[in-house]
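# quick one, fold the following:
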Amino acid sequence: MGRAVYRVLPAIAGLALSVVLEWVHVRTHLGVATDRLCDTGPLADCTSIALSRFSVVGGLPLPFWGSAFFVALGTAAYQRSRLWLPLATLGAIVSVALLVESWFVVGTLCMLCEAVHGCALLAFVIAWRERQDARSTIRRNDFGLVIAVPVVLLLIARVSLEPYWLSVETMPDVATGTTDAGYAWFGAREPKVVVEEFVDYGCPHCAIASRQLQRFALMHPDEIRVVRRHRPRTRCRIDVPSSCLDARASWCAAEQGRFWPMDTWLFAHAPGRAEIDPAAAIAPLKLDGPQFLACLDAAPTFEKLETERRVSLRAGASFTPFYRVDDVKVPASDVIADLRRRL
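From the prediction side, this is the model:
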């Protein structure tokens, strides 16, 4: 029994960490996290990893693939299957590849992810050391238990899991643009319905509501257009450098054609927090740093957002999130139902 525990322990740890990573992934994409479980700085940022387009493969978040892999690996290790070492080798190769991708493509690391990779590498070391103890032949039921069960679990998840991770940033084919008044939009080029969404990035309810609307709108990309409107909760005063900082960040990112990536980043970092550091978005969003920082402090940026705040108040947005569907006010709780009726 002791040897069996020794063989399967890395797989058990990897499976547990994969479950935690999926929890982090959900919290990040649904905007419900006001804390950052494993963000310790620019070199260790789980949020940026979770929001990257590489966090979902084949229609499933990577933690689901990791969970299925560790189920297969643990089963093979427990049975001393001939598939044990090949699976462990595959896991080690993929772990190294993901580490390289995180560092050189996304520009940061996720400590939980690296812990999962460490489990995979440890499993490979144990499988290599114990290779003489593995069975010399592949039995008929090896593929059934080691491969088929995880594959069935993945297929069930693929069919039943709602794509909560959908966003404008991760949907390369979705149309985006700017209205005549200068407001960013995504969705239909010739919309059947136009939704104006007034938000404050520091509002947790806005983050959740916005993500829900995005998912629904992206399921109807030829019928619905969503227009982003800002309703900062404080006045945008140039003599108060922290005022409207998140909205200013979105405006300055828009100048570089990166409005929607910044919109996603802000909803992941700003809700429920008294302060944010927009400079932390420069590397993951591939912004021109000096231009972005200069724009943040420029007087026209403050003036633009203060004007938008006043326009939003005149439109009736005394709270956030606030919605107008084809110029008709709709309660936030009824937006999706109202859109279903209109389509």
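# below-threshold pLDDT in the stretch 1-150 of the chain: ranges please.
Along the stretch 1-150 of the chain, segments meeting pLDDT under 70 span 1-2, 31-44, 134-141.
# so which other helices or strands are in contact with the longest helix seen in the chain?
Counting residues, the longest helix found in the chain (DSSP state H) is helix 2-30. Judged by 3 or more C-beta pairs under 8 Å, 6 or more residues apart in numbering; DSSP states H and E, helix 2-30 is in contact with helix 46-51, helix 62-79, helix 111-129, helix 204-218. In short, each C-beta sits where N, CA and C put it, glycine included.
# check the ones you listed for me and report the most buried one.
helix 46-51 (a mean of 25; mean count of other C-beta atoms under 10 Å).
# quick one: distance of that one to the chain centre.
6 Å (C-alpha atoms, centre = their mean, to the nearest Å).
# show me what that helix is packed against.
Counting by 3+ C-beta pairs under 8 Å, 6+ apart, helix 46-51 packs on helix 2-30, helix 111-129, helix 259-269.
# residues contacting the closest residue to Ala254 other than its chain neighbours?
Using C-beta to C-beta, 6 or more residues apart in numbering and skipping the chain neighbours, the partner closest in space to Ala254 is Ala184 (6.1 Å). Contacts of Ala184 were listed using C-beta atoms under 8 Å, 6 or more residues apart in numbering, and they are 176-178, 227-228, 254, 259-260, 263.
# then Phe322?
Contacts of Phe322 (C-beta under 8 Å, 6+ apart): 197-198, 231, 312, 315-316, 329, 332.
# at 10 Å what do you get?
196-200, 206, 209, 229, 231, 312, 315-316, 329-332 (C-beta atoms under 10 Å, 6 or more residues apart in numbering).
# with Val193 instead?
187, 217, 220, 223-226, 325-326, 338-339, 342-343.
# next: Phe259.
Counting by C-beta under 10 Å, 6+ apart, Phe259 has contacts 168-169, 176, 178, 183-186, 228, 250-253.
# among these, which lie within strands?
176, 178, 184-186, 228 (DSSP state E).
# those, buried ones only, as a PyMOL selection?
Those of the ones in strands among the contacts of Phe259 that count as buried under 16 or more other C-beta atoms under 10 Å are selected in PyMOL with:
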select buried, resi 184+185+186+228
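# Val26: which of the ones in strands among the contacts of Phe259 is nearest?
Phe186 (22.3 Å; C-beta to C-beta).
# in the sheet, who's paired with the closest one?
Thr176, Val226 (DSSP bridges).
# wait, what's in contact with it?
167-169, 171, 174-177, 214, 217-218, 221, 224-228, 259-260, 263.
# which among the residues you listed end up buried?
Using 16+ other C-beta under 10 Å as the burial test, the contacts of Phe186 include 167-169, 171, 174-175, 214, 217-218, 221, 224-228, 259-260, 263 as buried.
# hmm, back to that, need the helices and strands packed on helix 2-30 in CSV (columns: distance to Ser160).
CSV is the format used below for these (distance: least, C-beta to C-beta, whole Å):
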stretch, distance to Ser160
helix 46-51, 21
helix 62-79, 11
helix 111-129, 24
helix 204-218, 16
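# so which of the ones you listed gets nearest Gln291?
Across those (criterion: C-beta to C-beta), the nearest stretch is helix 46-51, sitting at 20.7 Å.
# burial check on Leu285, number of neighbours?
Residues near Leu285, counting by other C-beta atoms under 10 Å, number 21.
# got phi/psi on it?
Torsion angles at Leu285 (phi, psi; degrees, to the nearest 10) stand at phi -100, psi 0.
# how close does it sit to Ala207?
Leu285 sits 18 Å away from Ala207, going by C-beta to C-beta, to the nearest Å.
# then Val311?
22 Å.
# same deal with Ala299?
With C-beta to C-beta as the criterion, Ala299 and Ala207 are 29 Å apart.
# compute the number of surrounding residues for Arg235.
Neighbour number of Arg235 under other C-beta under 10 Å is 13.
# picking up where we left off before, can you list the helices and strands packed on helix 46-51 in JSON lines and add distance to Ile276?
Below are those laid out as JSON lines (distance: least, C-beta to C-beta, whole Å):
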{"stretch": "helix 2-30", "distance to Ile276": "15"}
{"stretch": "helix 111-129", "distance to Ile276": "21"}
{"stretch": "helix 259-269", "distance to Ile276": "6"}
